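Peer 1: Give me coordinates for this.
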Amino acid sequence: MNTKILIIGACGQIGTELTKKLRNIYGVENVIASDIRKLNNDVVNEGIFEVVNALDFNQIEHLVEQYHITDVYLMAALLSATAEKNPAFAWDLNMNSLFHVLNLAKAKKIKKIFWPSSIAVFGPTTPRYNTPQYTIMEPSTVYGISKQSGERWCEYYHNIYGVDVRSIRYPGLISWSTEPGGGTTDYAVDIYHKSLENGTYECFLSEETALPMMYMDDAIRATIEIMQAPAENIHVRSSYNLGGVSFTPKEIAEEIKKHIPNFEITYKPDFRQKIADSWPASIDDTVAQKDWNWKHEFDLAAMTVDMLEHLK
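Peer 2: Okay, the predicted model is just below:
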């Protein structure tokens, strides 16, 4: 049977690039992009696009049946900083959209689900350096609480109903092609834009705040590789740790200065500092390496070159 893919939240930061890549691999006619509204962008204009509300089970079910969908990538979510401003809606969106696709898989209407988790599942009590796959998880943000709950439900639906659901705990993601989406790690995207626009940047985190990051190319590749891996290789049904590179705002600024010598950065930590302080500084992803041969390619230097090149 042909792989037929539905991406929910296709116009977001990850969805935009994921849609493009999946269309390249599986063919434009086999990848259905969807989001809450129709934007004028490549996702909408270069393939099949449907307006769908991730909270409406009937709408999702209708698309699954209409297009004979086999795989769903559920990318719709309210991210960390935005979620803190609207906790009830964040919980509703992040949890109920997941239940909708899990229940479609339970009913055997779809075969496979990708659902993204996040380093936000960890909290202040988690070991900060080389955070292991299995560890203390006491998240202190609404986003983290919803993602941790989601991980538990994914594992439950796999164990009890045999649902083939796969997940990655994304670190902070850096991309040149889409604007930041309201996350705590967004500074690492914004800093590149501002360095080219006006040569200065005011950072909302302190200079020594180390966080795990990943270049979008690596994140997209990881997402597709875990979905293409044989089911018997996927031993973690909650979510896999994914490590990329860890760096501080000071280190990224120094890397940018190699290309833009006059670049200046200042620091004015806001409410996002508290969120960042509750997250790991680096991630151990040896389980993902072992199970499905994961390996990141971009370090800070390579990422900086690529970001500045594309943004110019």
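Peer 1: Skipping adjacent residues, who's closest to residue 75 in space?
Peer 2: Sequence neighbours aside, residue 9 is the residue nearest to residue 75 in space, at 3.6 Å (criterion: C-beta to C-beta, 6 or more residues apart in numbering). Quick note: C-beta positions are derived from backbone N, CA and C, even for glycine.
Peer 1: May I ask you to confirm that the one you found is in contact with residue 72?
Peer 2: No: Residue 9 is beyond contact range of residue 72, at 10.8 Å (criterion: C-beta atoms under 8 Å).
Peer 1: okay, those two: which has more neighbours?
Peer 2: residue 72 (28 against 25; other C-beta atoms under 10 Å).
Peer 1: would you say the more buried one is within a helix?
Peer 2: No: Residue 72 is assigned strand when assessed by DSSP: H, G, I helix; E, B strand; the rest coil, not a helix.
Peer 1: For stretch 186-199, C-alpha coordinates in PDB please.
Peer 2: The C-alpha atoms that make up stretch 186-199 are tabulated as PDB, following Å, rounded to 0.1, in the frame of the first residue of the first chain:
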ATOM      1  CA  ASP A 186      13.900  31.300  19.700                       C
ATOM      2  CA  TYR A 187      16.700  33.800  20.500                       C
ATOM      3  CA  ALA A 188      19.100  31.500  18.500                       C
ATOM      4  CA  VAL A 189      17.000  32.100  15.300                       C
ATOM      5  CA  ASP A 190      16.400  35.800  16.000                       C
ATOM      6  CA  ILE A 191      20.000  36.600  16.600                       C
ATOM      7  CA  TYR A 192      21.000  35.700  13.000                       C
ATOM      8  CA  HIS A 193      18.200  37.900  11.600                       C
ATOM      9  CA  LYS A 194      19.100  40.800  13.700                       C
ATOM     10  CA  SER A 195      22.900  40.500  13.100                       C
ATOM     11  CA  LEU A 196      22.300  41.000   9.400                       C
ATOM     12  CA  GLU A 197      19.500  43.600   9.800                       C
ATOM     13  CA  ASN A 198      21.200  46.000  12.200                       C
ATOM     14  CA  GLY A 199      24.300  44.400  13.600                       C
END
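Peer 1: OK, contacts around the nearest residue to residue 138 once chain neighbours are set aside?
Peer 2: For residue 138, ignoring the flanking residues on the chain, the nearest one in space by C-beta to C-beta, 6+ apart is residue 123 at 4.0 Å. Counting by C-beta atoms under 8 Å, 6 or more residues apart in numbering, residue 123 touches 136-140, 144, 278.
Peer 1: What subset of those residues is buried?
Peer 2: 137, 139-140, 144, 278 (16 or more other C-beta atoms under 10 Å).
Peer 1: Output these in JSON lines, with secondary structure and pLDDT appended to each entry.
Peer 2: Shown next, in JSON lines, are the buried ones among the contacts of residue 123 (DSSP: H, G, I helix; E, B strand; the rest coil; pLDDT from 0 to 100):
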{"residue": "137", "secondary structure": "coil", "pLDDT": "97"}
{"residue": "139", "secondary structure": "coil", "pLDDT": "95"}
{"residue": "140", "secondary structure": "coil", "pLDDT": "92"}
{"residue": "144", "secondary structure": "helix", "pLDDT": "95"}
{"residue": "278", "secondary structure": "coil", "pLDDT": "90"}
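Peer 1: And these, which is closest to residue 201?
Peer 2: The shortest gap between residue 201 and any of the buried ones among the contacts of residue 123 belongs to residue 278, at 23.5 Å (C-beta to C-beta).
Peer 1: distance of that closest one from residue 55?
Peer 2: Residue 278 sits 28 Å away from residue 55, going by C-beta to C-beta, to the nearest Å.
Peer 1: What of residue 135?
Peer 2: Counting by C-beta to C-beta, the gap from residue 135 to residue 55 is 32 Å.
Peer 1: go on, residue 164?
Peer 2: From residue 164 to residue 55 the distance is 23 Å (C-beta to C-beta).
Peer 1: now residue 98
Peer 2: In terms of C-beta to C-beta, residue 98 sits 11 Å off from residue 55.
Peer 1: Over to the residue of the chain most remote from its centre. Which of the three states is it?
Peer 2: The C-alpha centroid of the chain is most remote from residue 262, which lies 32.4 Å away (C-alpha atoms, centre = their mean). Judged by three-state DSSP, the three-state class of residue 262 is coil.
Peer 1: does it really touch residue 199, like I thought?
Peer 2: Yes: Residue 262 is in contact with residue 199 according to C-beta under 8 Å; the separation is 5.5 Å.
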